[in-house]
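Return a 3D structure for these sequence lines:
(2 chains)
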Amino acid sequence: MNPLALLGRFATTRADSAGFVCDLLLRTALHLPRLRRRFRFLLDTAFNAGVRSLPVTMVVAAFAGAILAMQTGIELRRFGDTAVLGTITALSMCREMGPFITGVILAATVGSSIAAELGTMQVSDEIAALEVMSVDPVDYLVLPRVVALAVMCPLLTVLSDLIGIYGGSVIAEHNLGVSPTLYWISAREALTSSGMLLPKEVYVGLLKAFVFGIAIATVSCAAGLRASGGALGVGLAVQTAVRNSVILIIVLGFIVTWFFYFLGG
Amino acid sequence: MIELHGVHKRLGNRQILAGMTLRVPKGMNFVLMGPSGSGKSVTLKHVIGILKPDEGSVQVDGQEVPTMSRAQLMTLRKRMGYLFQNGALINWLSVADNVGLPLREHARLPKSELDDRVQQVLRLVKLDHAAAQFPPSISGGMKLRAGLARALVTNPEYVLYDEPNAGLDPIISHQIHELIAQVRDDLGVTGLIVTHSRACATQCGDRIGILEEGRLGIEGTVDEMVRSDHPLARAFLGGGAD
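Reported below is the predicted structural model:
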């Protein structure tokens, strides 16, 4: 086949998928006033999302913080400046690592489950059944999931940040000889030096997590709603959901960082 | 009345419907038969507005379905029920919650009145004992009956049945056929039934149409069709059928 035609088909498919996701997000936003009717379902989804991903988020965050402290500490020790280890670990966790780890884990656990659930509903005519009952699947299925992840991702990120900083403190004390008091004081000072109630490092990180939560839920719902062709289609939907979520987490993370630290000064 | 005139529909590379014309008068069960992939379910999806024709007209009570706005389509769908092949029940809702879903979403009924209505239709389909069970724990026949109860709970004027006895044993199939006939006789509901089954067609139908190459190849009353020598009628309704 003509390579240009192949490229054109690839671009059309990608544009169509992106358009579907944007349209889904817009329609979800328009349904926000109906959220009260879905409150029970929203709580169930939020609870499932939190509980299902909490243990793995904690373990990964602890080790990520420990690795971060270890790698940074090795270099700092050469310069005899391990006193700033708490600062570096705290800032790295809150700005980038915490939201990123939480986002990736939510994409892998909750996002995949959303895509599988909605994909199965799509291929077994349950979504069509909702439509013929005049029940909008966006209102009934997508809205509570998007809001649940938009709320849960920042909450889990706060825990990730804390556990990651704690993981770093263990390495700092036992492997690098930094006293826990010094580590925690430097970490606290790094996060409170601006004098603001919510330091920039924290609120930018939480904003990232909020954006990631919305992106993961929307992309995963879109993948599920576009599933076709039985079990194979559901498998592909899960694959698409996780792949696109991770790509979006990285791209959106870059954009938010660039906006707040380079564009905004 | 449901009317299709010269409906054409292509899905992918295949021409599914090619000049499909069909008329279902009120209070009647019209049975649509035909080989697999001949466009029977596609026809139902045009009637309820899930699919739009490439060409031709689809009308319900004189209203053109393909040109309806989303709001008009939702109003139309509230007057229609649709029984899917496997019931298409929502897995995380109990049978009673599945059946009550359209009422909870649209009718502003007090809970007691809603529960009464759900119990009433569950009794009609002889499923009141399973109200608290969940779809994964009930049989295929029970799922279909629950799907039928859900289709009937809003007192629809029309019900579209997509393979109402697919995969069921003859005893359960017979119960489903009786229910479909009862729904027409007692509630005056107009039905459009898609099936491969001779038993279903003859037990629930008033008229039968058989699809051939994207349009009705032959159509008539049940008696006419059973006695017909037309090869399509022999294939689907002859002694060897079912």
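
which residues of the chain fall in helices?
I went with chain A, as the question did not name one. A:3-30, A:39-79, A:85-92, A:98-106, A:112-123, A:126-132, A:137, A:143-174, A:180-192, A:200-225, A:230-258 (DSSP state H).

could you do chain B instead?
Listed in chain order (using DSSP H), the helices of chain B are B:40-47, B:70-78, B:95-106, B:111-124, B:140-152, B:170-187, B:198-204, B:222-227, B:231-237.

for the longest one, what is the average pLDDT?
Averaged across helix B:170-187, the pLDDT comes to 86.

again, but for the shortest one
The average pLDDT within helix B:222-227 is 90.

Need the CA coordinates for it. PDB is fine.
What follows is helix B:222-227, C-alpha atoms only, in PDB (Å, rounded to 0.1, in the frame of the first residue of the first chain):
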ATOM      1  CA  VAL B 222     -48.300 -16.900   9.800                       C
ATOM      2  CA  ASP B 223     -50.700 -19.300   8.000                       C
ATOM      3  CA  GLU B 224     -49.800 -18.000   4.600                       C
ATOM      4  CA  MET B 225     -46.200 -18.300   5.300                       C
ATOM      5  CA  VAL B 226     -46.300 -21.800   6.800                       C
ATOM      6  CA  ARG B 227     -48.300 -23.000   3.800                       C
END
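
my read: A:Leu176 touches A:Ala66, true?
No - assessed by Cβ atoms under 8 Å, A:Leu176 is found out of contact with A:Ala66, at 11.2 Å. All C-beta atoms are positioned from the backbone trio N, CA, C, and that covers glycine.

What confidence value was assigned to the most centrally placed residue in chain B?
Closest to where the C-alpha atoms of chain B average out (Cα atoms, centre = their mean) is B:Tyr161, at 1.5 Å. pLDDT for B:Tyr161: 93.

quick revisit: can you tell which of the helices of chain A is closest to B:Thr154?
B:Thr154 sits nearest to helix A:126-132 of all the helices of chain A, at 11.2 Å, using Cβ to Cβ.

Can you list the buried residues in that closest one?
Neighbour-count burial for helix A:126-132 flags A:Glu126, A:Ile127, A:Ala128, A:Ala129, A:Leu130, A:Glu131, A:Val132 (criterion: 16 or more other Cβ atoms under 10 Å in any protein chain shown).

what residues are up against the second one?
The one in question is A:Ile127. A:Leu118, A:Met121, A:Pro137, A:Leu141, A:Leu225 (Cβ atoms under 8 Å, 6 or more residues apart in numbering or on different chains).

And for B:Asp206?
B:Asp206 touches B:Met28, B:Asn29, B:Phe30, B:Arg184, B:Thr221, B:Val222, counting by Cβ under 8 Å, 6+ apart.

do that again at 7 Å, thanks
B:Met28, B:Asn29, B:Phe30, B:Thr221, B:Val222 (Cβ atoms under 7 Å, 6 or more residues apart in numbering or on different chains).

Once you drop chain neighbours, what's closest to the first one?
Using Cβ to Cβ, 6 or more residues apart in numbering or on different chains and skipping the chain neighbours, the partner closest in space to B:Met28 is B:Asp206 (4.5 Å).

and if you look at A:Gly164?
A:Gly65 (3.2 Å).

One more: B:Val194?
B:Lys40 (4.1 Å).

Contact partners for that neighbour?
B:Leu32, B:Gly34, B:Val194, B:Leu211.

mind redoing it with 10 Å?
Residues near B:Lys40 by Cβ atoms under 10 Å, 6 or more residues apart in numbering or on different chains: B:16, B:31-34, B:162-163, B:192-196, B:209-211.

Going by distance to chain A, which of the residues you listed wins?
Nearest to chain A among these is B:Asp162, at 8.5 Å by Cβ to the nearest Cβ.

and the residue sitting nearest the centre point of chain A, how far is that from B:Arg184?
A centroid search over chain A (Cα atoms, centre = their mean) returns A:Gly103, at 2.1 Å, as the residue closest to the centre. Going from A:Gly103 to B:Arg184 by Cβ to Cβ, to the nearest Å gives 55 Å.

Can you give me the neighbour number for B:Glu213?
Counted by other Cβ atoms under 10 Å in any protein chain shown, the residues lying close to B:Glu213 total 12.

ok so, going back, so which of the helices of chain A is the most surrounded?
Counting by mean count of other Cβ atoms under 10 Å in any protein chain shown, helix A:98-106 has the highest mean neighbour count of these, with a mean of 27.

Could you name the helices and strands sitting against that helix?
Packing contacts for helix A:98-106, counted by 3 or more Cβ pairs under 10 Å, 6 or more residues apart in numbering or on different chains; DSSP states H and E, involve helix A:39-79, helix A:143-174, helix A:200-225, helix A:230-258.

which one of these lies closest to B:Asp229?
helix A:230-258 (39.6 Å).

distance between that closest one and the chain's centre?
In terms of Cα atoms, centre = their mean, to the nearest Å, the centre of helix A:230-258 is found 10 Å from the chain centre.

so it versus helix A:112-123, what angle?
140 degrees (axes from the mean of the first three to the mean of the last three Cα atoms, to 10 degrees).

ok, and does helix A:230-258 reach over to chain B?
No - contact of helix A:230-258 with chain B (Cβ under 10 Å from any Cβ of the partner chain) is absent, the minimum separation being 12.7 Å.
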